[in-house]
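Peer 1: Okay, sequence plus prediction incoming.
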Amino acid sequence: MNVVLPDNSTLELPDGATGLDAARAIGPKLAEQAVLIRANGKPQDLRLPLEDGQSIQILTTRDTSDPDALYVLRHSTAHLLAEAVRRLYPGVKIAIGPPIENGFYYDFDFPEPLHEEDLARIEAEVNREIQEGREWTREEISRDEAKARFEAEGEPYKVELVDTAEGDITLYTQGDFTDLCRGPHLQNSKPIKAVKLTGLAGAYWRGDSDRPQLTRIYGTAFYSKDDLEKHLERLEEARKRDHRKLGAELDLFHFDEVSPGSPFWHPKGMVIWNVLEDLRRRENAKRGYTEIKTPIIFEKRLWVTSGHWEKFRDNMFFIQQDPGDDHLFGLKPMNCPGHCLVYDARGHSYRDLPIRFAEAGTLHRNEPSGTLHGLLRVRHVTQDDGHIFCAPEQIEDEVFLCLDHAFYLYGLLDLTMHVELSLRPDNKLGTDEDWDVAEAALRNALRSREVEFVEMPGEGAFYGPKIDIHMEDSLGRRWQLGTVQLDFQMPQRFGLTFQAPDNEQRTPAMIHRALFGSMERFIGILIEHFGGAFPFWLAPVQVRVLPVGEGHTAGAHAVAASLAGHGFRVDVGEATETIGKRIRSAELEKIPFVVVYGDRESAESLAVRERGGGQSTESLADFAARLATLES
């Protein structure tokens, strides 16, 4: 058989050859350093056979930042963690241990409680295993053999996993530890140069609060100690920038258990919210959107029609007015069904299309309590929704206009963007033919406008494929923000039509578009991205005027009033403490500009301090003119 290498050359191999065989055929050094193979773009264990005609890429210990290479390193380190825990804690039961973004975890059922201070001992044992050396071997066994083996070892969680597993049962062994696992894994432990166990948490078995609560140990691993040090520095910086911490320090919002997952916005937080809302309305109006508003609560039959009852009801809140009442109402998790009803309220001609509706609608989603995370995962959601009803031939242009809109907004915030095309999931509505057309339409729109993107099979919404836009923040983390989704299903389910040029009734396409996404999540991401030091146009307080003493209060208020009259957000830091303490307080609040007003200051000569340390002397008029250039 032949496989295709990254330079498009072919490599001839015997039938049944593995990825490791391919590496050996190229050279012994490559085989020694190989950690993983990508076959037709998908990661695959080196031990698995290749297929004729596959395109392959062999990843090695030199691919230290490749996500797949890090994935296999961390997966293997998770298995070393499980081996170490079993050595140190006789009687422990072992559950699951996958790699995750930036690391891995493993869940255990300990016979006695584990504490943070125990992590150092476990980490030392993992490092001892690495020094001893480990090699991974793979074997396939029957389901009955696997079940009998884990029953004999007293591993009930593994027995349950065998019972519910699909496909072949595979085991990986290193040292005296064997785990139920599909792989992939390293050849040996030599590439693991740096390991750090980072924390403990509780986790219910299979995420079910009615099942046992396990102890989850988090960790990470790298191909070099230097990479680990850089990662730990980023983690420390992320802790400093945590939006929950900064939200309290900057007096932006808080949470209360009387309404879990629902932020209480304070006045300064609402300034940020309203600036973004004003931006949303202004840019929507420029782009031909009309603002609408739809109810929060709808009868169940609407959700049946839209498909949410079938595909999304576990994430919805429901209300029954009286016990035994047949009328069940649901709080909306999405705006799109209500927008369909607005479209359907009157007839439409092809001349009306495209119709662009916008609504910053209040949504509620019944997220599990264990997944709630400040503003980044909430139950009370405000989405900057737009829905476009258009003729099929208008799809490409409308999709591009949505992308252009998104890139403009993110450009204002200096965000680096990455685009993904998310394709049909297993729980999709509609036929494969519908999906072929919808996916091709989005793909063509991206290609024709020369937008770089990667395809993500299985990640589409249940009603249609989508373009997901991710940002990279100042710490190098990626967050999904905007989405542009093409939907042929919902217009059909609601019976939406327009009169075509031939006087026939046709079904419009529906484009779902959210660019901030969840306003709550977007603000949380911005807090962390900027570390609370918002750009001038977004800062809750843009200028603080500080009178040096009581005798300078009237002059300070006059300066503040003049700047406020120009539309800037200004406050006065009254002379209740020393000027040094008040300057320091303004720095901690990350206010962009501070004006110190004392005996030598006047409208012709202001002492201006910029966030970050810059200082200048300028007139009030010049200062106001400079600030005007910093607005969005």
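Peer 2: Thanks, I have the structure now.
Peer 1: quick one, longest helix in the chain?
Peer 2: In the chain, with assignment by DSSP state H, the single longest helix is helix 67-88.
Peer 1: Pull out the buried residues from the helix or strand of the chain with the lowest mean pLDDT.
Peer 2: Between all helices and strands in the chain, the lowest mean by mean pLDDT, DSSP states H and E belongs to helix 308-311, at a mean of 85. Buried residues in helix 308-311, defined by neighbour count with 16 or more other Cβ atoms under 10 Å: 308-309, 311. Using the backbone N, CA and C atoms, a C-beta is placed for each residue, glycine as well.
Peer 1: Kindly indicate which of those residues lies nearest P49.
Peer 2: Nearest to P49, judged by Cβ to Cβ, of those is K311 at 37.3 Å.
Peer 1: how near is that closest one to G430?
Peer 2: K311 is 12 Å from G430, where distance means Cβ to Cβ, to the nearest Å.
Peer 1: do P508 as well
Peer 2: Distance, P508 to G430, by Cβ to Cβ: 15 Å.
Peer 1: Need phi/psi at the closest residue to R521 other than its chain neighbours.
Peer 2: Leaving aside its sequence neighbours, R521 sits nearest to L376 (Cβ to Cβ, 6 or more residues apart in numbering; 5.3 Å). When read as degrees, to the nearest 10, the backbone of L376 gives phi -80, psi -20.
Peer 1: could you measure L376 against L475, distance?
Peer 2: According to Cβ to Cβ, L376 and L475 sit 14 Å apart.
Peer 1: Next: T497.
Peer 2: For T497, the distance to L475 - Cβ to Cβ - is 49 Å.
Peer 1: Can you lay out the buried residues of helix 308-311 as JSON lines showing distance to E116?
Peer 2: Shown next, in JSON lines, are those (distance: Cβ to Cβ, whole Å):
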{"residue": "H308", "distance to E116": "42"}
{"residue": "W309", "distance to E116": "44"}
{"residue": "K311", "distance to E116": "41"}
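Peer 1: nearest to L563, of those?
Peer 2: H308 (48.7 Å).
Peer 1: need the contact list for the closest one.
Peer 2: 316, 330, 333-334, 337 (Cβ atoms under 8 Å, 6 or more residues apart in numbering).
Peer 1: Of the residues you listed - the most surrounded one?
Peer 2: Counting neighbours by other Cβ atoms under 10 Å, M334 leads those with 23 neighbours.
Peer 1: three-state assignment of the residue sitting nearest the centre point of the chain?
Peer 2: Geometric centre of the chain, nearest residue: W479, 3.9 Å, by Cα atoms, centre = their mean. With DSSP: H, G, I helix; E, B strand; the rest coil as the basis, W479 sits in strand.
Peer 1: contacting residues around P425?
Peer 2: P425 makes contact with 458-462 under the criterion Cβ under 8 Å, 6+ apart.
Peer 1: among those residues, who's most crowded?
Peer 2: Scoring the contacts of P425 on neighbours with other Cβ under 10 Å, the highest-scoring entry is G460 at 24 neighbours.
Peer 1: Please name the nearest non-neighbouring residue to it.
Peer 2: Among residues not flanking G460 along the chain, S422 sits closest, at 4.6 Å (Cβ to Cβ, 6+ apart).
Peer 1: partners of that neighbour in the sheet?
Peer 2: Beta-bridge partners of S422, counted by DSSP bridges, are M456, K466.
Peer 1: and the closest residue to D63 other than its chain neighbours, how many neighbours does it have?
Peer 2: When the adjacent residues along the chain are set aside, D63 lies closest to A69, with 4.2 Å between them (Cβ to Cβ, 6+ apart). Counted with other Cβ under 10 Å, residues neighbouring A69 total 22.
Peer 1: Could you verify my assumption that A69 touches I37?
Peer 2: No. A69 is beyond contact range of I37, at 10.7 Å (criterion: Cβ atoms under 8 Å).
Peer 1: Common neighbours of these two, please.
Peer 2: Joint contacts of A69 and I37 (Cβ under 8 Å, 6+ apart) are L59.
Peer 1: Check the spacing between the residue nearest to the centre of the chain and L403 real quick.
Peer 2: Counting by Cβ to Cβ, the gap from W479 to L403 is 18 Å.
Peer 1: give the contact list for Q383.
Peer 2: So Q383 contacts 334-335, 360-361, 363, 514, 516-519 (Cβ under 8 Å, 6+ apart).
Peer 1: ranges for the strands of the stretch 451-600 of the chain?
Peer 2: 454-456, 466-472, 478-487, 498-499, 505-506, 509-518, 543-547, 570-572, 593-597 (DSSP state E, counting those that start in this stretch).
Peer 1: picking up where we left off before, distance of the residue nearest to G460 relative to R449?
Peer 2: Separation of S422 from R449 (Cβ to Cβ) stands at 18 Å.
Peer 1: the more surrounded of those two?
Peer 2: The residue with more neighbours, out of S422 and R449, is S422; 23 against 13, by other Cβ under 10 Å.
Peer 1: The more buried one against G464, yeah?
Peer 2: No. Counting by Cβ under 8 Å, S422 stays clear of G464, with 9.7 Å between them.
Peer 1: With respect to D278, which of the contacts of Q383 is nearest?
Peer 2: A360 (11.1 Å).
Peer 1: Could you give the bridge partners of that closest one?
Peer 2: D384.
Peer 1: 584 is where my numbering starts, stick with that
Peer 2: Let's use 584 as the start, then, which means that last one is A943.
Peer 1: In contact with it, which residues are there?
Peer 2: Listed by Cβ under 8 Å, 6+ apart, the contact set of A943 reads 860, 863, 965-968, 1102.
Peer 1: Strands along the stretch 734-883 of the chain, start to end?
Peer 2: 752-757, 760-763, 777-787, 796-805, 836-837, 847-848, 873-874, 880-882.
Peer 1: Contacts only, for Y1180.
Peer 2: Taking Cβ under 8 Å, 6+ apart, we find Y1180 in contact with 1128-1131, 1135, 1138-1139, 1142, 1189-1190.
Peer 1: Look up how far K894 lies from V1177.
Peer 2: Counting by Cβ to Cβ - V1177 and K894 are separated by 53 Å.
Peer 1: whoops, I mixed them up, P846
Peer 2: Relative to K894, P846 is positioned 27 Å away (Cβ to Cβ).
Peer 1: Among the contacts of Q966, which one sits closest to D810?
Peer 2: G1100 (30.9 Å).
Peer 1: ok, how many other residues are close to the closest one?
Peer 2: Neighbours of G1100 under the rule other Cβ under 10 Å: 21.
Peer 1: again with D746
Peer 2: Per other Cβ under 10 Å, the neighbour tally for D746 reads 10.
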